[in-house]
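Enquirer: Only the shape, not the letters, is given here:
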């Protein structure tokens, strides 16, 4: 999935009129083929605004600017960079991009990114050293996972970037937001989120900031303070970018539309895509 997205944004093979950006909820919530004929989903599971800022930057270096961008991040992904080691593992960012992230993290501290030994980690991943990859090689065995990876790559490509993350017929587990008492945002993530929105504005891209649904079970438990402060943050975005469409309310779907505690299943994605399409014209 990471490689397919990386190849798409850095190649000049095709362009999209509408891009979907965000994390796994964006990846699994909107089905491009059901939104229109010129939509592509470049969201990445586990991504924050850091990865998406560079994804859009690289896309714009190889393509004309899209007319529209739909941006969806799980609220907790403004608070937690929980997959930075995955970003390094898949060598998603160039050395120059990583250096810029570390400089920014020094000024806008986040220990998930700027921590003791980060230089050695980056070097180990970039050189594909055994201390980072030997276990994966061992787990893959003699035959490897090449055929399985190619199959997944093609599936994501054929679905225009859409991917399911949860496949259950319903889930009443509690999502990640229920673990936060308040909107304890990361200064680094907010910095890159503002940079992402500024990049869209600079390139004349019409932005819709949408909210992927919570399951009903989580909506009954999540802290009211967390949602209030998240909404306040979004209201500030509306003031700074009045030309953008900014949804501030998180919708709630019945548990049957979720494939796990955080992601909608295919039935949920179809419902959300249909309702999104009815609200907005791309």
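Expert: Sure, I can see it. For clarity, every value in this text was computed on a predicted model and none was experimentally measured.

Enquirer: where do the helices sit along the stretch 51-200 of the chain?
Expert: For the stretch 51-200 of the chain, the helices defined by DSSP state H, counting those that start in this stretch cover 84-89, 95-107, 118-126, 130-140, 146-158, 187-202.

Enquirer: which residues are contacting the fourth one?
Expert: Residues outside helix 130-140 that contact it (CB atoms under 8 Å, 6 or more residues apart in numbering) are 89, 124-125. Yep, even glycine has a C-beta here, placed from its N, CA and C like the rest.

Enquirer: what about 10 Å?
Expert: 85, 88-89, 120-121, 123-127, 144-146, 148-149 (CB atoms under 10 Å, 6 or more residues apart in numbering).

Enquirer: Give the rounded mean pLDDT of it.
Expert: The pLDDT scores in helix 130-140 average 88.

Enquirer: Number the chain from 860, please
Expert: Yep, numbering from 860; the last one is helix 989-999 now.

Enquirer: quick one, that helix and helix 977-985 angle?
Expert: Following axes from the mean of the first three to the mean of the last three CA atoms, to 10 degrees, one obtains 40 degrees for the angle between helix 989-999 and helix 977-985.

Enquirer: got any ranges where the chain has weak pLDDT?
Expert: Applying pLDDT under 70 to the chain flags no residue at all.

Enquirer: In JSON lines: the helices of the stretch 910-1059 of the chain, plus distance to residue 1102.
Expert: As requested, the helices of the stretch 910-1059 of the chain are arranged in JSON lines below (distance: least, CB to CB, whole Å):
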{"stretch": "helix 943-948", "distance to residue 1102": "31"}
{"stretch": "helix 954-966", "distance to residue 1102": "26"}
{"stretch": "helix 977-985", "distance to residue 1102": "37"}
{"stretch": "helix 989-999", "distance to residue 1102": "43"}
{"stretch": "helix 1005-1017", "distance to residue 1102": "32"}
{"stretch": "helix 1046-1061", "distance to residue 1102": "8"}
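
Enquirer: Can you give me the neighbour number for residue 999?
Expert: Residue 999 sits with 14 neighbouring residues when counted by other CB atoms under 10 Å.

Enquirer: Next: residue 1075.
Expert: Around residue 1075 there are 15 other residues, counting by other CB under 10 Å.

Enquirer: Spit out the contact partners of it.
Expert: Contacts of residue 1075 (CB under 10 Å, 6+ apart): 1031, 1111-1117.

Enquirer: Residue 972 too?
Expert: 907, 909, 940, 943, 946-947, 957, 960-961, 963-965, 1045, 1047-1048.

Enquirer: Before I go, just wanted to say thanks for your time.
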